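A.B. asks: predicted model, plus sequence, below.
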Amino acid sequence: MDLGTFLLAFAILACVYMACNIGANDVANAMGTSVGARSLTFRQAVLVAAVAEFAGALLVGGHVSDTVRKGMVDPSLFVDQPMDLVLGMIAALVAAAIWLHVASYLGWPVSTTHSIIGAVVGFGLVARGMEAVKWAKVSSVVLSWIVSPVMGGIVAFLIFRFITVKIFDKHNAVASAKRVVPFLVFLVFVILANSMVYKGLKNLHLNLGFTRALTISLIVGAIAFVIAKSLVQKVAVPPADDINRQFQTTEYIFKFLQIITAFYVAFAHGANDVANAVGPLAAVVSILNDGAIHMKVEMPIWILAMGGTGIVFGLLIWGARVMETVGKRITEITPSRGFSAEFGAATVVLVCSKMGLPISTTHTLVGSVIGVGLARGLASLNLNIIKQIVVSWFATVPFTAVLAMMLYEILTMFLG
């Protein structure tokens, strides 16, 4: 086996390992609210994730890959020695995957985006020095890490407050839910459909303009509204003075709405976070193909498919611990609260994915869960767990950066 074949095989294995750990950590926390609210069992969550994650990665996943591949480190500095970039990207994948593996074992919902970007910056520093890192780009991503949980929290807070005022605070909550929920279904489907068709299906060469995409989205939303309206009308309304049954029946209605948003979250996650695994591999494949560094590289479908498959496999094998942290330990989750958190998180993630900004799904979702908790009062939040999560977030970048530096030096020593 020649060196190029060996490096390609090594890079593919590293990519699969990274994708599996993304599934174990990021998908687990994305689906955790559904499992925590008992809207889905663990097996059902895996099934939903399998379909939605794979679809998001395959159909929309190319948007962010370019940002991870060449957005943080200047590839032009490696033109004379492209194999240094190959070794660096492999080191970054392995370093990020190791950190995610450790975090998943401990039940910490850390950012896979933090992990891979910290690792890429780390190898760039040791390989070419401070000038190799595009600090302006890094700064914009850091800003997004602050904005995303805040935005997720605000959107989730507002949605849950709206649901509380329009449904749960009413004398007959079930009757109110039967009126309001179809409109929420309409909104979810309009946004989800628009995220798919408006400049979202480039991999299938279906790049529709905004007007056509909006028209299609409104039609899809209208169909979903009619179906939802007919389904909720079949739900029996308990006596208005039976508060317990009113609450249980209303949450039962939201259970199905949350399953829709669980798919929505998983699709958004596949679109945004598959880049964290396949972005570095795309750089390696392009260099090994012709020995040159290209500023723009087409993302092969087989790489996106492999990344999506690895994500689902990782969730199935060791995603339960992080799922428990997000779904049960931050705040008590019910279907209506889980819907609010998932809808807020997925909307923010999909918008940023369209912008090519690799935000953290973890930060956004945890921010959304906290936002829902704050809507019920500060006492409803487990502040100790939140502190542990925040500490793990701050540890991610320096850990992966230092580990990538060490792995790059080892790879260079033996293969450079």
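C.D. replies: Cool, got the structure.

A.B. asks: name the helices or strands packed onto the helix or strand that Ala262 is a member of?
C.D. replies: When elements are assigned from DSSP states H and E, Ala262 belongs to helix 243-273. In terms of contacts (3 or more Cβ pairs under 8 Å, 6 or more residues apart in numbering; DSSP states H and E), helix 243-273 is packed against helix 28-36, helix 42-60, helix 62-70, helix 173-197, helix 301-318, helix 335-354, helix 361-375. For the C-beta atoms, the positions are set from N, CA and C on the backbone; glycine is no exception.

A.B. asks: Ile287 versus Tyr17, what's the distance?
C.D. replies: When Cβ to Cβ, to the nearest Å is the yardstick, Tyr17 and Ile287 sit 20 Å from each other.

A.B. asks: actually Gly314, not the one I typed
C.D. replies: As judged by Cβ to Cβ, Gly314 and Ile287 stand 26 Å apart.

A.B. asks: which one's more surrounded, the two?
C.D. replies: Gly314 (28 against 25; other Cβ atoms under 10 Å).

A.B. asks: check that one and give its pLDDT.
C.D. replies: If you check Gly314, the pLDDT there is 90.

A.B. asks: repeat that for Lys296.
C.D. replies: For Lys296, pLDDT reads 67.

A.B. asks: ok, back up a step: and among the helices and strands packed on helix 243-273, the most buried is which?
C.D. replies: helix 28-36 (a mean of 31; mean count of other Cβ atoms under 10 Å).

A.B. asks: list the buried residues in the following helix or strand past the helix holding Ala262.
C.D. replies: Note on helix 243-273: by DSSP H and E, the next helix or strand toward the C-terminus is helix 275-290. Using 16 or more other Cβ atoms under 10 Å as the test for burial, helix 275-290 gives 275-288.

A.B. asks: do stretch 210-221 as well
C.D. replies: By 16+ other Cβ under 10 Å, the buried positions in stretch 210-221 come out as Ala213, Leu214, Ile216, Ser217, Val220, Gly221.

A.B. asks: geometric centre of this protein: which residue is closest?
C.D. replies: Nearest residue to the geometric centre of the chain (Cα atoms, centre = their mean): His269, 3.0 Å.

A.B. asks: wait, that residue touches Ala55, no?
C.D. replies: No. Applying Cβ atoms under 8 Å, one finds His269 not in contact with Ala55, separated by 11.1 Å.

A.B. asks: circling back: chain center to the helix holding Ala262, what's the gap?
C.D. replies: Centroid displacement of helix 243-273 relative to its chain, using Cα atoms, centre = their mean, to the nearest Å, is 17 Å.

A.B. asks: angle of it against helix 335-354?
C.D. replies: If you take axes from the mean of the first three to the mean of the last three Cα atoms, to 10 degrees, helix 243-273 sits at 20 degrees to helix 335-354.

A.B. asks: pLDDT below threshold where in the stretch 301-416 of the chain?
C.D. replies: Residue ranges of the stretch 301-416 of the chain with pLDDT under 70: 353-354, 356-358, 416.

A.B. asks: 80 instead?
C.D. replies: Applying pLDDT under 80 to the stretch 301-416 of the chain flags the ranges 301, 346, 349-361, 416.

A.B. asks: if we can go back for a sec, for the helices and strands packed on helix 243-273, which one sits closest to Val110?
C.D. replies: With Cβ to Cβ as the criterion, Val110 lies closest to helix 361-375 of the helices and strands packed on helix 243-273, at 6.3 Å.

A.B. asks: how many residues are close by the closest residue to Gln388 other than its chain neighbours?
C.D. replies: Leaving out its chain neighbours, the residue that sits closest to Gln388 by Cβ to Cβ, 6 or more residues apart in numbering is Trp108, at 7.2 Å. Close neighbours of Trp108, defined as other Cβ under 10 Å, add up to 23.

A.B. asks: so which helix or strand takes in Trp108?
C.D. replies: Judged by DSSP H and E, Trp108 forms part of no helix or strand.

A.B. asks: give the contact list for it.
C.D. replies: Contacts for Trp108 were tallied using Cβ atoms under 8 Å, 6 or more residues apart in numbering; they are Asn25, Val322, Thr325, Gln388, Ile389, Ser392.

A.B. asks: so which of those residues wins on neighbours?
C.D. replies: Asn25 leads the contacts of Trp108 on contacts (other Cβ under 10 Å) with 33 neighbours.

A.B. asks: if I look at that residue, how far off is Val402?
C.D. replies: Distance, Asn25 to Val402, by Cβ to Cβ: 20 Å.

A.B. asks: next: Ala49.
C.D. replies: Ala49 is 32 Å from Val402, by Cβ to Cβ.
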